[in-house]
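1. Turn this into a structure:
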Amino acid sequence: MSTKRHYEREFVRTFFTTPTAVEGESDSAKMLRSAAQVRGIQAPDAWVPDNEDATAPTMRAEGVENIIDVVAEHGSDYPSEIHPRVVWHRESPSTRYQGFQQMLEIANPENGAVDHIDGFVIPEVGDIDDWKKADEFVTIIENEHGLQEGSLSMSVIVESGEAELAMGDLREEMGKPSNNLERLFLLVDGEVDYTKDMRAMTPTGELPPWPELRHNTSRGASAAGLIAVDGPYDDIRDVEGYNDRMTENQAKGMLGIWSLTPGQVVEANKAPLPPKTGSWLLELADQTIELEHVDGQHVYDGDEIGLEQTGEDQYILSVGGDERELDEDELNEELLDLTAYVPSMDDIVDSMEEFEAAKEAGKGAIAMTQAATIVIDGVTVELSNDRMWDEATYQAAQTPVALFQDVYQHRPDQHEELEEMYGSDVVQRATNVGA
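-> Presented below is the predicted three-dimensional model:
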């Protein structure tokens, strides 16, 4: 099978769930109505009215009605995709039937919502045969309501060992005439139920980090032309931890994450985008420190390392109590090993434009120079390093720009905020580079 994606969106940063019916409220759809009216950086790439875990079982029938009412009213103006989550379970035929009935009602054209529904999210899937059951139900719904076959996407939540193993079967199964699994869109991790299914436990009772699951989901999505999304980060006040989790995920190719609150939506929408300004980092054994940018210099003010100039070309560098006498070239090499540069959007675009010009001139590889003025203990050091750029380097650098271009194309409601972030000139260049 081809790994070509079947949907316009190549990147989904945010997967935001909202209860479909809240018990005890005069308007049980209050949270849905609020979520349906957000715009810009506050609006997720995928909005998920959640008629499963986020909604009490006794409220789910009303939740279906609320989805229909709210999406019919606000869906035409909503800036991104809408994917309701219905009930499902790999071991319960009656639950699967309930999910079918929920989707059948939501997708009924007479109710006025389906034109704004992009697909459905199916939780608690099992082996690949279970995925096919859900797919067949969606196909039946499309035919029952006269919808174009394949017009409704299907995303699944990986919450069991069976589902994790099923991702390895996708390449072989997708594209067979006996199924419509090409409708698959997102593979979303659900670490809470996965932990329960695996019978895992930790001394503190907290969830295991499950890096293997996140890697496997990212790999499964890449192999099948789908999009990988990490599960919920439930410590909603831990913004730093949420960002650390996203940084870890991005190194695995998993650029999307579940968002539980409007604040997490904003953080997750921004996290994969290149920063506005570049920064130099000092990477020590137990921590990473961002150097302060002052008047074109990058200044370190701390006790972890020290630097003293003892002669015209002689220095003493102290790192963790270890002192070394170095000349200027040796110091440059040591500091290059201890530091790293996080490029800005402007830096990335500059480098890509320079390589494109070189390639146009017939060059297959060029050296890019990276330079900075570092100040440690008042001692100024000029750092300089050359990095070779070839086609593979160019393609790797293109990923954050390709994500930006995908956001800019599909989220016009975020244009103003992106131009405020980067400046209109950088935005214009970033939308054109790599085309």
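
2. make it CA atoms for all contacts and neighbour counts henceforth
-> Noted.

3. any weak-confidence spans in the stretch 1-150 of the chain?
-> Applying pLDDT under 70 to the stretch 1-150 of the chain flags the ranges 1-6.

4. ranges for the helices of it?
-> Secondary structure of the stretch 1-150 of the chain (DSSP state H, counting those that start in this stretch): helices at 30-35, 60-74, 93-106, 128-144.

5. ditto for the stretch 251-400 of the chain
-> Assignment of helices within the stretch 251-400 of the chain using DSSP H, counting those that start in this stretch yields the ranges 262-270, 328-338, 345-360, 391-410.

6. ranking these by burial, who's on top?
-> Among the helices of the stretch 251-400 of the chain, ranked by average contacts under mean count of other Cα atoms under 10 Å, first place goes to helix 262-270 (a mean of 20).

7. For Leu284, find the nearest of the helices of the stretch 251-400 of the chain.
-> helix 328-338 (6.8 Å; Cα to Cα).

8. Could you list the alpha-carbon positions for that closest one in PDB?
-> In PDB, the C-alpha atoms belonging to helix 328-338 read as follows (Å, rounded to 0.1, in the frame of the first residue of the first chain):
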ATOM      1  CA  GLU A 328      41.500  29.300  22.400                       C
ATOM      2  CA  ASP A 329      40.900  26.500  19.900                       C
ATOM      3  CA  GLU A 330      40.500  23.900  22.600                       C
ATOM      4  CA  LEU A 331      38.100  26.200  24.500                       C
ATOM      5  CA  ASN A 332      36.000  26.600  21.300                       C
ATOM      6  CA  GLU A 333      35.700  22.900  20.900                       C
ATOM      7  CA  GLU A 334      34.800  22.300  24.500                       C
ATOM      8  CA  LEU A 335      32.100  25.000  24.500                       C
ATOM      9  CA  LEU A 336      30.700  23.700  21.200                       C
ATOM     10  CA  ASP A 337      30.300  20.300  23.000                       C
ATOM     11  CA  LEU A 338      28.600  22.000  25.900                       C
END
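
9. Can you list the neighbours in contact with that helix?
-> Outside helix 328-338, the residues that touch it by Cα atoms under 8 Å, 6 or more residues apart in numbering are 282-284, 313-315, 317, 381-385.

10. Give me the distance between Gln395 and Phe11.
-> 16 Å (Cα to Cα, to the nearest Å).

11. and if you look at Asn108?
-> Noted for Asn108: a distance of 29 Å to Phe11, by Cα to Cα.

12. okay, the two: which has more neighbours?
-> Just comparing Asn108 and Phe11: by other Cα atoms under 10 Å the higher neighbour count belongs to Phe11, 22 against 19.

13. which phi and psi does the more buried one have?
-> When quoted as degrees, to the nearest 10, the phi and psi of Phe11 stand at phi -140, psi 140.

14. does it really touch Asp406, like I thought?
-> Yes. Shown here, Phe11 and Asp406 form a contact pair, counting by Cα atoms under 8 Å, at 6.9 Å.

15. before we move on, back to that, which members of the contacts of helix 328-338 are positioned in strands?
-> 282-283, 314-315, 317, 381-385 (DSSP state E).

16. For these, name the two members farthest from one another.
-> Farthest pair in the ones in strands among the contacts of helix 328-338 (Cα to Cα) is Glu283 and Gln314. Separation: 23.2 Å.

17. correct me, but Thr431 touches Leu403?
-> No. Using Cα under 8 Å, Thr431 is not in contact with Leu403, being 10.3 Å away.

18. Can you give me the buried ones in stretch 56-69?
-> Applying a neighbour-count criterion of 16 or more other Cα atoms under 10 Å, the buried positions in stretch 56-69 are 56, 59-60, 62-69.

19. between those, which is nearest Asn179?
-> Using Cα to Cα, Val64 comes nearest to Asn179 of the buried residues of stretch 56-69, at 26.8 Å.

20. contacts for the strand or helix carrying Ser155?
-> Here Ser155 sits within strand 153-158, counting by DSSP states H and E. With contacts defined as Cα under 8 Å, 6+ apart, strand 153-158 is touched by 118-125, 135, 164, 183-190, 194.

21. what's the spacing between the closest residue in space to Pro262 that isn't next to it in sequence and Asp350?
-> Once flanking residues are discounted, Pro262 sits nearest to Gln42: 6.5 Å by Cα to Cα, 6 or more residues apart in numbering. For Gln42, the distance to Asp350 equals 29 Å [Cα to Cα].

22. just to revisit the earlier point, quick check: the residue nearest to Pro262 touching Ser259?
-> No. Contact between Gln42 and Ser259 fails when scored by Cα under 8 Å: they sit 11.1 Å apart.

23. neighbour-wise, which of the two wins?
-> Ser259 (29 against 18).

24. Can you name the residues bridging to the more buried one?
-> Following DSSP bridges, Ser259 is listed with bridge partners Phe16.
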